[in-house]
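Chemist: quick check, what structure comes out for this input:
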Amino acid sequence: MNDLSSAMTAPRVDALGDTGLDITLADGRSHYFNYYWLRDNCPSSFSPVTRERAFDIFHLDTAPRPASARVEGDALVIDWQDEEHVTRMPLAWLDTYAGGKPRPDPAALPRQAWFSDHYPSVPRFSQPDLVADDAARAAWMKAMLVHGVTIVSDMPDSDAGLTETAELMGCVRPTFFGAYFDVYTKINPTNTAYTAGALELHTDTPAEEFSPGIQFLHCRANTVDGGESLYADGVAVANDFRARDPEGFRLLSEVAIPYYCEHDDYDARSRQYVIELDDDGEVSGLTISQHMADIFDLDQRLLDSYYPAFCRFGRMLQEEKYVMRFMMKGGECMVFDNHRIVHGRAAYTASSGARYLRGCYVDRAEMRSTYRALVGEGRFKA
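Modeler: Numbering: from 1, shown residues only. Model prediction:
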């Protein structure tokens, strides 16, 4: 009985059609695969040296069509018409893409929302350990993907130390402020951060068409009175806002608003959604900054609904339930997702001591790329 059942569900080619074939896979179900797709993704189409596609399907004179197809062991074997080529495609690889399923992504980890009491639980990593140990580096980036914020301690007290740390994750990504920025009180500030005043919760550089993804803030000194750091998880707030105010959530996730940043030698402008959704409709983060918001050039009737929703959400961001408060220490580096975590600062007394932070950015795609490489789940990995 078991042998018969096994034989009935054994992988087999069911039919060859005009545009594709049907094959029963290990799940016992018949799946359809297009001939162009099968020919284009033959394992021999990819160079094992460059890991890029070496076959160019544009050069085929006729549409690909098999002379025959069969299952041999753990592979689908196709003899193609009009060319002397045989494809041997692993059945397990076919199963990965059956039914149009996306290729599994080890960096697509579920986000874990957090609240104001999260500071003791913020994942912490020692900078020398990250430099020395790839496993620690992978754990660091996994924590970034899940929590959106980490603290790196034991930082070298140097500009080079920040560069070294950021490059463990990816390439330093310049903005209109340059490759790096220094946060301290300046005589003629070009940004609210360069004053001793309070800095409201925000995400950085929303005026850029694609604002940077991961922010590094290296605390070199912090002995002033005041200046408490403020952080909140945009995922936690926006998820609660969706339940509390569904129509407001819809407006903030479907209507883009303008941002700008203008000085003598740059004039950056963009339109962004305050609440960002991923491909599954889940909240992935925020883009919000009161001091870089441009004049809302939306239909005035739309603003009758949009502005109240915008204000309700902005007030919700500041609720004690969500805002994590703490004092940064010299030698620490806050690393956080600039498209998820809003951050700010309480006012401080500039004459009471020294407060100096140096920052830079890395793109989220760079972080995900590095994480995938470290965990070794790419197409060419054993």
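Chemist: where do the strands sit along the stretch 51-200 of the chain?
Modeler: Under the criterion DSSP state E, counting those that start in this stretch, the stretch 51-200 of the chain contains strands at 66-72, 75-80, 86-90, 124-126, 149-153, 181-183, 199-202.
Chemist: distance check, the residue nearest to Cys42 when sequence neighbours are not counted against Ala69.
Modeler: Leaving aside its sequence neighbours, Cys42 sits nearest to Thr87 (Cβ to Cβ, 6 or more residues apart in numbering; 4.1 Å). Placement of C-beta: from N, CA and C, glycine included. Noted for Thr87: a distance of 9 Å to Ala69, by Cβ to Cβ, to the nearest Å.
Chemist: element containing Cys360?
Modeler: strand 355-362 (DSSP states H and E).
Chemist: following element in sequence after that strand, please.
Modeler: helix 364-375.
Chemist: which residues in the chain form helices?
Modeler: Listed in chain order, the helices of the chain (DSSP state H) span 2-9, 35-40, 91-97, 127-132, 134-147, 159-167, 234-244, 246-254, 300-317, 364-375.
Chemist: next one: Phe33 from His85, what distance?
Modeler: 17 Å.
Chemist: which one's more surrounded, those two?
Modeler: Phe33 (19 against 14; other Cβ atoms under 10 Å).
Chemist: can I assume that one is in contact with Leu21?
Modeler: Yes. If you go by Cβ atoms under 8 Å, Phe33 and Leu21 touch, sitting 5.9 Å apart.
Chemist: and the closest residue to Tyr35 other than its chain neighbours, what's its pLDDT?
Modeler: Nearest non-adjacent residue to Tyr35, counting by Cβ to Cβ, 6+ apart: Pro64, 4.6 Å away. We have a pLDDT of 96 for Pro64.
Chemist: pretty sure Pro64 sits against Trp80.
Modeler: Yes. Pro64 is within contact range of Trp80, at 6.1 Å (criterion: Cβ under 8 Å).
Chemist: walk me through the domains of this structure.
Modeler: 2-100, 116-375 (automatic domain parsing).
Chemist: among those domains, which is the most enclosed?
Modeler: For the domains of the chain, average neighbour numbers computed from mean count of other Cβ atoms under 10 Å are highest in domain 116-375, which has a mean of 18.
Chemist: state the mean pLDDT of that domain.
Modeler: On average, domain 116-375 scores 93.
Chemist: what's the end-to-end length of that domain?
Modeler: 31 Å (Cα to Cα, to the nearest Å).
Chemist: go on, stretch 142-156?
Modeler: 23 Å.
Chemist: so which of the domains of the chain is nearest Ala108?
Modeler: In terms of Cβ to Cβ, the element of these nearest to Ala108 is domain 116-375, at 8.4 Å.
Chemist: rewinding a little: a markdown table please, covering the domains of the chain and showing distance to Pro110.
Modeler: Listed next are these as a markdown table, based on distance: least, Cβ to Cβ, whole Å:
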| stretch | distance to Pro110 |
| --- | --- |
| domain 2-100 | 20 |
| domain 116-375 | 7 |
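Chemist: circling back: which neighbours do Pro64 and Trp80 share?
Modeler: Contact criterion Cβ atoms under 8 Å, 6 or more residues apart in numbering; residues shared by Pro64 and Trp80: Arg39.
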